[in-house]
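# only geometry, no sequence info:
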Ligand SMILES: NC(=O)c1ccc[n+]([C@@H]2O[C@H](COP(=O)([O-])OP(=O)(O)OC[C@H]3O[C@@H](n4cnc5c(N)ncnc54)[C@H](O)[C@@H]3O)[C@@H](O)[C@H]2O)c1
Ligand SMILES: O=c1ccn([C@@H]2O[C@H](COP(=O)(O)OP(=O)(O)O[C@H]3O[C@H](CO)[C@@H](O)[C@H](O)[C@H]3O)[C@@H](O)[C@H]2O)c(=O)[nH]1
């Protein structure tokens with residue numbers, strides 16, 4: 001089928017490249033000229049393992065990128081993967097989505113039929129009340145007739161986006177008409193016929209909220225483990241031993257029990273905030289979700305508190321190892337390193353940051369701190385080190401700690417090897 005994908009960020013680029021790989025003819029549309037040029041040049045503007053290979057294999061054949069919305073008219077369906085950022089009060093800002101939907105509508109005016117699929121994460125009713133009317137008004141098409149509408153939330157993780165898209169636990173297809181459901185099924189057939197996955201066919205609102213429920217559950221699971229971990233620490237118990245044991249209960253499961261400095265990224269903080277705001281909007285106070293956020297905000301402060309047990313932070317040189325919100329990505333959005341660095345600066349420390357790939361992006365947040373070219377350089381002469389991302393290379397650090405002025409390590413990710421001569425503090429162990 002001929003598909004267009006609106007927005008070429010983490011989701012849009014992955015979706016476009018993977019659908020092309022699956023045999024569809026795909027046009028990626030983005031307003032950013034550099035992003036479009038990179039794609040047409042055979043690579044992504046973001047770092048994502050395996051993505052460049054898929055782009056390079058398909059570009060010029062089944063995949064192309066453009067800033068021209070008119071190209072959408074040549075396609076049968078459009079996946080909307082535009083940003084839905086948080087506003088101050090946690091609600092999602094739908095202005096980009098609305099502008100995109102309007103421009104999409106103008107591009108498909110005069111067509112007999114077009115399927116619009118919302119891939120962006122949106123609160124229940126957004127597709128029905130914001131996206132569909134905007135496309136319908138601009139195109140002159142009628143919702144449910146010429147204009148078919150779907151919601152297909154995305155569950156990929158950054159750092160493993162391609163694998164997650166190509167081997168999903170489930171594919172959620174939301175629609176309100178038999179025609180939209182059939183088109184969605186057809187688009188996903190090349191994937192669902194080759195991998196063992198669950199296809200969940202549901203309504204638009206249900207598909208929208210399934211995405212939030214998924215992320216809220218995972219974020220709350222981590223916060224619950226962090227809370228248990230904080231209690232464990234006070235009893236001198238290793239929370240990782242506890243997590244391993246409770247994870248054996250299949251009702252709990254072993255994943256997402258890694259306690260530490262908390263959850264960041266472009267999704268969990270934004271999506272939990274949006275679900276809280278959406279709940280309040282309909283008069284429900286979501287106290288458990290609020291608690292999950294509170295515990296998450298507590299973890300960086302606990303990390304700084306543990307540091308203060310060993311080092312007078314004012315005037316100290318502190319290495320922050322790991323700037324990305326998790327390993328495998330250069331994305332620093334809502335990285336736990338941000339509140340940690342901010343807290344260190346407030347306390348008068350000299351901060352030297354290190355990350356294998358996320359340094360450039362963190363420079364936009366903290367242009368004035370020092371950045372080291374390696375973990376060894378960051379540790380050299382430091383009075384303490386705080387580990388905020390579980391990059392595998394940190395597990396190999398050993399003699400590098402000997403070059404520290406005082407070998408104090410506060411490990412927020414359970415990644416550094418404890419050893420003699422190292423003053424080691426885990427957050428929850
Ligand atoms: N990042 C993830 O891991 C992830 C996973 C699942 C769902 N989501 C959701 O998917 C959506 C997109 O997220 P993302 O991380 O890919 O965003 P992103 O910020 O990485 O990318 C968005 C892209 O949209 C482009 N854009 C902005 N306005 C545009 C317009 N008017 N027309 C065309 N292009 C425009 C930007 O230039 C950018 O390339 C969000 O709703 C997000 O919550 C993200
Ligand atoms: O046991 C764990 C697992 C994760 N994290 C942290 O949680 C955050 C999010 O991690 P992860 O879920 O791996 O990354 P994302 O790429 O943000 O993916 C989440 O958010 C995406 C956007 O909505 C969804 O599509 C994915 O399914 C969902 O896992 C990171 O800061 C991790 O360090 C922990 O602290 N402990």
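Sure, I can see it. These figures come from a predicted structure and were not determined experimentally. Ligands and ions are numbered 1, 2, ... in the order given.
# need the residues of the stretch 301-429 of the chain near ligand 1, please.
Within the stretch 301-429 of the chain, not a single residue sits near ligand 1 (C-beta under 6 Å from any ligand atom). Placement of C-beta: from N, CA and C, glycine included.
# in the stretch 301-429 of the chain, which spans are helices?
337-346, 359-365, 375-379 (DSSP state H, counting those that start in this stretch).
# and the pLDDT at residue 329?
On the pLDDT scale, residue 329 is placed at 88.
# so it makes contact with residue 159?
Yes: using C-beta atoms under 8 Å, residue 329 is in contact with residue 159, at 4.5 Å.
# these two: which has the busier surroundings?
Counted by other C-beta atoms under 10 Å, residue 329 and residue 159 do not tie: residue 329 has more neighbours, with 26 against 20.
# look up phi and psi at the residue of the stretch 251-400 of the chain found nearest ligand 1.
Nearest residue of the stretch 251-400 of the chain to ligand 1, counting by C-beta to the nearest ligand atom: residue 266, 4.8 Å away. Here is the backbone geometry of residue 266 (degrees, to the nearest 10): phi -80, psi -10.
# ok, residue 245 next?
Torsion angles, degrees, to the nearest 10, at residue 245: phi -70, psi -50.
# what sits against it?
Contacts for residue 245 (C-beta atoms under 8 Å, 6 or more residues apart in numbering) come out as none.
# show the pLDDT at it.
98.
# state the distance from it to residue 226.
17 Å (C-beta to C-beta, to the nearest Å).
# just the pLDDT for the closest residue to ligand 1 within the chain.
Shortest the chain-to-ligand 1 distance, computed as C-beta to the nearest ligand atom: residue-wise this is residue 9, at 1.7 Å. With respect to pLDDT, residue 9 scores 95.
# does it touch residue 81 like I think?
Yes: between residue 9 and residue 81 there is a contact at 6.8 Å, judged by C-beta under 8 Å.
# neighbour count: these two, which is higher?
Neighbour count, other C-beta under 10 Å: between residue 9 and residue 81, residue 81 has more, with 27 against 18.
# so what's that one closest to, chain neighbours aside?
Nearest in space to residue 81, with sequence neighbours left out and distances taken as C-beta to C-beta, 6 or more residues apart in numbering, is residue 12 at 3.6 Å.
# you'd agree the one you found is in a helix?
Yes: counting by DSSP: H, G, I helix; E, B strand; the rest coil, one finds residue 12 located in a helix.
# could you tell me which residues of the stretch 201-350 of the chain lie near ligand 2?
215, 218, 222, 256-258, 260, 262-265, 267-268, 271, 325-326.
# tell me the buried residues in the strand or helix carrying residue 272?
Here residue 272 is covered by helix 268-281, with elements defined by DSSP states H and E. For helix 268-281, a neighbour-count test (16 or more other C-beta atoms under 10 Å) marks 268, 269, 270, 271, 272, 273, 274, 275, 276, 277, 278, 279 as buried.
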